[in-house]
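Engineer: structure for the following, please:
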Amino acid sequence: MPTSRTDVRRAKAGQGGFTLLELLVVVTILGLASAAVVMSIPPDDGLRREAETLAARARAAQEKAILDNRALALSVSAEGYKFEQRVRGDWTPVAAEPFAHHAWAEETRVAGATRLVFDPTGASEPIEIALQRDGRSVTVTFSSEGEVRVR
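Structural biologist: Residues are numbered from 1 along each chain as shown. Okay, here's the model as predicted:
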């Protein structure tokens with residue numbers, strides 16, 4: 001406990017703390033760092049998400065063709081895409097999720113209509129499906145080995 005004026009001054013000088021300037025510098029640095037993090041996060045890209053959904057459903061169709069030992073087709077048009085399965089010699093739409101008809105978002109465009117058939121081994125012809133929106137393009141690639149990629 002301080003007993004004189006000089007002891008009080010020494011006690012106050014020994015107390016820790018930050019000045020207002022030091023706090024402002026720290027807050028500024030944190031603000032710049034958080035801005036850098038926010039700028040590095042990719043924007044919510046609906047087109048890429050739509051391509052990823054198509055690829056995931058196509059992979060599921062490929063697996064279904066293998067498990068059912070029955071060919072399954074993916075039909076892509078300007079309106080959307082659907083899956084069809086060969087039943088008694090005819091192609092019939094698959095209504096169960098995730099294979100039900102899926103319409104594209106209003107702004108999404110597809111470069112040409114196409115049909116891709118997964119045989120009972122899961123193999124298919126190599127093909128690329130390009131989705132376009134607002135000047136951007138995302139491609140879903142199907143290889144002859146059965147690999148599905150989004151680029």
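Engineer: every contact and neighbour count from this point should use C-alpha atoms.
Structural biologist: Noted.
Engineer: gap between the two ends of stretch 81-96?
Structural biologist: End-to-end distance for stretch 81-96, by CA to CA, to the nearest Å: 14 Å.
Engineer: which one is R109 nearest to, not counting chain neighbours?
Structural biologist: Sequence neighbours aside, Q132 is the residue nearest to R109 in space, at 5.0 Å (criterion: CA to CA, 6 or more residues apart in numbering).
Engineer: which element is the residue most central in space within the chain on?
Structural biologist: Nearest to the mean C-alpha position of the chain, counting by CA atoms, centre = their mean, stands R49 at 4.4 Å. Assigned by DSSP states H and E, R49 belongs to helix 46-68.
Engineer: mind listing what the residue lying closest to E52 once chain neighbours are set aside touches?
Structural biologist: Once flanking residues are discounted, E52 sits nearest to V150: 6.6 Å by CA to CA, 6+ apart. Listed by CA atoms under 8 Å, 6 or more residues apart in numbering, the contact partners of V150 are A51, E52, A55, V138, T139, V140, T141.
Engineer: 10 Å instead?
Structural biologist: 48-49, 51-56, 128-130, 138-142 (CA atoms under 10 Å, 6 or more residues apart in numbering).
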